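In: My questions are about this predicted structure, shown below with the sequence.
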Amino acid sequence: MKQVKKNNMKLLLSILALLLFFSCDDEADVDVDTISKIYVDLLVAEETYRGHSDSLIQKREDIFAEYNKTEEEYNNTFMQMKNNQKIWNDFFEASLAYLDTLRARGTNVKIDSSQVRL
């Protein structure tokens, strides 16, 4: 459990550090739909595998492979979106819509809409 929290803290700090160093508004590079799905799938994985760090690490790798993205590409795009309010809002709308889609499919989603917002 502590390892998962430590990994989550490292990820958060990495994202924040990258935000401070990069500033890019190129909307053409942002695939909001894919990034929002990765984001929601990662949230679901963190809830599902809480306390099982090895399983969580594997699931994260599987998620990035499913969307043909690396974690670095995801983090860079995520940071890029935060610099553009319109894209950022579109991202959260897409994330909530995808979360609703997962629920409609009967997927056992243990997160609620309030957890989608940062």
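Out: Perfect, thanks for sending it. Residues are numbered from 1 along each chain as shown.

In: helix, strand or coil for R103?
Out: Following DSSP: H, G, I helix; E, B strand; the rest coil, R103 is assigned to helix.

In: Burial check on it, number of neighbours?
Out: Using other C-beta atoms under 10 Å, R103 has 14 other residues around it. Using the backbone N, CA and C atoms, a C-beta is placed for each residue, glycine as well.

In: swap in D100?
Out: By other C-beta under 10 Å, the residues close to D100 number 12.

In: Could you give the average pLDDT over the helix or strand that contains it?
Out: Secondary structure here is read from DSSP states H and E; on that basis D100 sits in helix 85-104. Helix 85-104 shows a mean pLDDT of 91 in the predicted model.

In: buried ones in that helix?
Out: I87, W88, D90, F91, F92, A94, S95, Y98, L99, L102 (16 or more other C-beta atoms under 10 Å).

In: CA atoms only: put it into CSV for me.
Out: Listed in CSV are the C-alpha atoms of helix 85-104, where the atom choice follows Å, rounded to 0.1, in the frame of the first residue of the first chain:
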residue,chain,number,x,y,z
GLN,A,85,-8.2,25.9,-20.9
LYS,A,86,-10.5,24.8,-23.8
ILE,A,87,-8.6,21.5,-24.4
TRP,A,88,-8.5,21.0,-20.6
ASN,A,89,-12.2,21.4,-20.3
ASP,A,90,-12.8,19.1,-23.4
PHE,A,91,-10.5,16.5,-21.8
PHE,A,92,-12.6,16.4,-18.6
GLU,A,93,-15.9,16.3,-20.5
ALA,A,94,-14.5,13.4,-22.6
SER,A,95,-13.2,11.7,-19.4
LEU,A,96,-16.6,11.9,-17.7
ALA,A,97,-18.3,10.6,-20.9
TYR,A,98,-15.9,7.6,-21.1
LEU,A,99,-16.6,6.9,-17.4
ASP,A,100,-20.3,6.9,-18.1
THR,A,101,-19.7,4.5,-21.0
LEU,A,102,-17.8,2.1,-18.8
ARG,A,103,-20.6,2.1,-16.3
ALA,A,104,-23.2,1.6,-19.0
